[in-house]
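1. Sequence below, structure please.
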Amino acid sequence: MIELHYWPTPNGHKIALFLEEAGLPYTLHPVNIGAGEQFRPEFLRIAPNNRIPAIVDTDPAGGGAPVSVFESGAILLYLAEKTGRFLPHDLRGRTEVLQWLFWQMGGLGPMAGQNHHFGSYAPEKIAYAIQRYVNETNRLYGVLDRRLADRPFIAGDDYTIADMASYPWIVPWQRPQQNIADFPNLQRWFDAIGARPATARAYAAGEPYAKRPTVNEDSRKVLFGQTAANTAR
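-> This is a model prediction of the structure:
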């Protein structure tokens, strides 16, 4: 039913988490971003921003032609609405989930991503940039820790797409130079999601691709050297 175009990155894991939790049948289509497969014409037709993940729903609600969706937040919202799961139906509950979904999309993901880039991939170690993103990642961990002080999940009592969006960005907490033990509420939440059987299945699905080297001199140019001119294919 769902074709998932994917690589085992935090954004890719988000969608696998949903599909495994919902029990939706899906087919995994690996897109090796280090080898430039995200620029293939067939992928760009469904993901014009040349970024994973993307999905094709071959059995959309109401029938008709398949529906493609790109951007991980949009995909989570689409799947939640399709299945009627992991997103409350009432106004206040839905709003609570969506604002934390967008918090992750606009804050935790981009800031942790820049943290990792300048700390691990940048050929020149720029102290200001590294410290800027380490500090901002730390601040965002603090926001999440305070949020989880009086509720089991980000939006309240139930596991939702807000949790699925944020969890994969916390998994590599050592890489962005954080100490999860400094955030006890966050760690409790993190451990609880990690213990879910669907979480184990989602990460296992990506394991065959996780050991492949993503960044070397050639793939660095593919991943980090793109402009409007050289991505127009």
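2. Quick one: distance of the longest helix seen in the chain to the chain centre.
-> If each helix of the chain is counted by residues according to DSSP state H, the longest one is helix 127-147. Centroid separation for helix 127-147 versus its chain: 18 Å, with CA atoms, centre = their mean, to the nearest Å.
3. average pLDDT across that helix?
-> Summarised as a single mean, pLDDT over helix 127-147 is 97.
4. Put the alpha carbons of it into CSV.
-> The C-alpha trace of helix 127-147 is given here as CSV (Å, rounded to 0.1, in the frame of the first residue of the first chain):
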residue,chain,number,x,y,z
ALA,A,127,34.5,27.0,16.8
TYR,A,128,31.7,29.6,16.7
ALA,A,129,29.5,27.5,14.5
ILE,A,130,30.1,24.4,16.5
GLN,A,131,29.4,26.1,19.8
ARG,A,132,26.3,27.9,18.4
TYR,A,133,24.6,24.6,17.4
VAL,A,134,25.8,22.6,20.4
ASN,A,135,24.2,25.3,22.6
GLU,A,136,21.0,25.5,20.6
THR,A,137,20.6,21.7,20.6
ASN,A,138,21.1,21.7,24.3
ARG,A,139,18.4,24.4,24.7
LEU,A,140,16.0,22.4,22.7
TYR,A,141,16.7,19.2,24.7
GLY,A,142,15.8,21.4,27.8
VAL,A,143,12.5,22.5,26.2
LEU,A,144,11.6,18.8,25.6
ASP,A,145,12.7,17.8,29.1
ARG,A,146,10.5,20.4,30.7
ARG,A,147,7.6,19.5,28.5
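5. which secondary structure elements does that helix contact?
-> helix 109-116, helix 161-170, helix 184-194 (3 or more CB pairs under 8 Å, 6 or more residues apart in numbering; DSSP states H and E). Where you see a C-beta, it was placed from the backbone N, CA and C, and this is true even at glycine.
6. for the chain, what helix or strand is lowest in average pLDDT?
-> Taking mean pLDDT, DSSP states H and E as the measure, the helix or strand of the chain with the lowest value is helix 217-224, at a mean of 62.
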